[in-house]
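Asks: I need the structure of the sequence given here:
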Amino acid sequence: MHNLNNDERQFIYKWFSSLLSCELTDKQIAHYQHGDFDSLFTFLNELGFHHQIERIKVALAPQPYLQLELAADFAHCFLLEGSLSAIPYLSAYLEGKALDSALKEIDQWMLHYNLVVNRSHNEPSDHISILISILMKLIETRSYEEQQYFIQTVLLNWLPLFAEKTTKLKLKTMFYPTITELLVEFLKKDFQLDK
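Replies: From the prediction side, this is the model:
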């Protein structure tokens, strides 16, 4: 997917990070419903993600109590104890050498880019939004090969398990399972690993 420039790639990853780090507000939902994200959705459709985009649109269609249902889904997906939810932390899915290698890579890049954990959200450094922040920095400053090494060492060795777990939860909408699936598929396509 080398036809995407780095600004486009960073924008899409920032979008994923924002959706996976905190629940949508009424105002944000209104932006989706008023078409403010239609150009992004069209762009992702053109990249071949039409099934996921259609499911996102259905999940965000106007309906009573949508914000409350999405907030409940966010909590159920990402905030409950690990056996009850699909917690968005690398350390919940990896162990042994794979975990050690990934955490070493994360620590190295956080130090290199002077990234700090957001204390107001109290997130450990292996939270998905922090990992995406590192990827965005790598896109800005490092070679494609270094980015690819990071996603293979730190992201794609657990994100498919995470995405699969979201599909097994009893949720009100398919919004978060679709977002996690789309993230995995976008990463694979972005780094030409979808063959």
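
Asks: and the gap between the residue in the chain sticking out farthest from the centre and Leu169?
Replies: Distance to the chain centre peaks in the chain at Pro64, reaching 26.4 Å (criterion: CA atoms, centre = their mean). Applying CB to CB, to the nearest Å, the value for Pro64 to Leu169 is 22 Å. C-beta here means a position set from N, CA and C on the backbone, and glycine is covered the same way.

Asks: can you check Lys104 too?
Replies: Using CB to CB, Lys104 is found at 31 Å from Leu169.

Asks: if you count what's nearby, which of the two comes out ahead?
Replies: Between Lys104 and Leu169, Leu169 has the larger neighbour count (other CB atoms under 10 Å), namely 15 against 12.

Asks: from what I can see the more buried one touches Ala75, true?
Replies: No - using CB atoms under 8 Å, Leu169 makes no contact with Ala75, being 10.9 Å away.

Asks: who does the helix or strand of the chain with the lowest mean pLDDT touch, helix- and strand-wise?
Replies: When each helix and strand of the chain is scored by mean pLDDT, DSSP states H and E, helix 96-112 comes last, with a mean of 92. Applying 3 or more CB pairs under 8 Å, 6 or more residues apart in numbering; DSSP states H and E, we find helix 96-112 packed against helix 128-141.

Asks: okay, the helix it packs on in CSV with CA atoms only?
Replies: Extracted in CSV, the C-alpha atoms of helix 128-141 (Å, rounded to 0.1, in the frame of the first residue of the first chain):
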residue,chain,number,x,y,z
ILE,A,128,-2.7,-0.3,22.1
SER,A,129,-2.9,3.5,21.9
ILE,A,130,0.6,3.9,23.1
LEU,A,131,1.9,1.3,20.7
ILE,A,132,0.1,3.1,17.9
SER,A,133,1.7,6.4,19.0
ILE,A,134,5.2,4.8,18.7
LEU,A,135,4.2,3.5,15.2
MET,A,136,3.2,7.0,14.2
LYS,A,137,6.6,8.3,15.3
LEU,A,138,8.3,5.6,13.4
ILE,A,139,6.3,6.5,10.3
GLU,A,140,7.5,10.1,10.7
THR,A,141,11.2,9.4,11.3
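
Asks: roughly how far is that helix from the heart of the chain?
Replies: In terms of CA atoms, centre = their mean, to the nearest Å, the centre of helix 128-141 is set 11 Å apart from its chain centre.

Asks: buried sites along that helix?
Replies: 128-139 (16 or more other CB atoms under 10 Å).

Asks: Run through who's touching that helix.
Replies: For helix 128-141, the external contacting residues (CB atoms under 8 Å, 6 or more residues apart in numbering) are 6, 9-10, 13-14, 16-18, 20-21, 88-90, 106, 109-110, 113, 115, 117, 123-124, 146-147, 150-151, 154-155, 159, 162.

Asks: Show me those that map onto helices.
Replies: Mapping those onto helices (DSSP state H) picks out 6, 9-10, 13-14, 16-18, 20-21, 106, 109-110, 146-147, 150, 159, 162.

Asks: of these, buried ones?
Replies: Buried by 16+ other CB under 10 Å: 9-10, 13, 16-17, 20-21, 106, 109-110, 147, 150, 159, 162, out of those.
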